[in-house]
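S.K.: from the sequence below, what's the structure:
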Amino acid sequence: MRIVIDTNVVASAIFFGGKPRELLELLMRRQVDAYASPEIISEYQETCDELISRYPVKPVLLPLNQIIAACRLIKTRSKISVCRDPEDDKFIECAVDANCIYIVSGDKDLLSVKEYEGIQIVTVADFLKSLP
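M.R.: A predicted model of the protein is given here:
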């Protein structure tokens, strides 16, 4: 199953666990195919670096480098402008160019779009429920 994972899901998995961690473990076991662009990878890294500096004693539950290594990196060509927060458009661009079925997010701005050209934008819990 082809998906794009939003940064807040990655950060939650790394620092808090729960359902986001379940999803990332599926990724690392190659039970889902997650796609990311260089811009998405940069956002993952910047967000995690910021959280590590802000909470230096918080344990890292999953190493970001393993998550990135499990993602399929693509260069996006699409230019899309549909999100209230323009920073979120990169996730839709990646999903379109990688022919993904889902974008998995906890971001209200992105979730408010709900669907774009057949790509469902869902929470982690809803995505996990959709799995066979």
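
S.K.: quick one: contacts for residue 131?
M.R.: Contact analysis of residue 131 by CB atoms under 8 Å, 6 or more residues apart in numbering lists 1, 26. Yep, even glycine has a C-beta here, placed from its N, CA and C like the rest.

S.K.: what's the distance between it and residue 32?
M.R.: The spacing between residue 131 and residue 32, counted by CB to CB, to the nearest Å, is 8 Å.

S.K.: one more: residue 24?
M.R.: In terms of CB to CB, residue 24 sits 9 Å off from residue 32.

S.K.: of the two, who's got more company?
M.R.: Under the neighbour definition other CB atoms under 10 Å, residue 24 and residue 32 were set side by side, and residue 24 has more, 25 against 21.

S.K.: that one reaches residue 13, doesn't it?
M.R.: Yes - Residue 24 lies in contact with residue 13 (CB atoms under 8 Å); the separation is 4.2 Å.

S.K.: next, count neighbours for residue 73.
M.R.: Neighbours around residue 73, by other CB under 10 Å: 14.

S.K.: now do the longest helix along the chain: which elements does it pack against?
M.R.: For the chain, the helix that runs over the most residues, judged by DSSP state H, is helix 38-54. Secondary-structure packing of helix 38-54 (3 or more CB pairs under 8 Å, 6 or more residues apart in numbering; DSSP states H and E): helix 7-15, helix 64-70, helix 89-97.

S.K.: contacts for the second one?
M.R.: In this structure, residues lying in contact with helix 64-70 by CB under 8 Å, 6+ apart are 10, 13-14, 24, 27-28, 30, 34, 36, 41, 44-45, 48.
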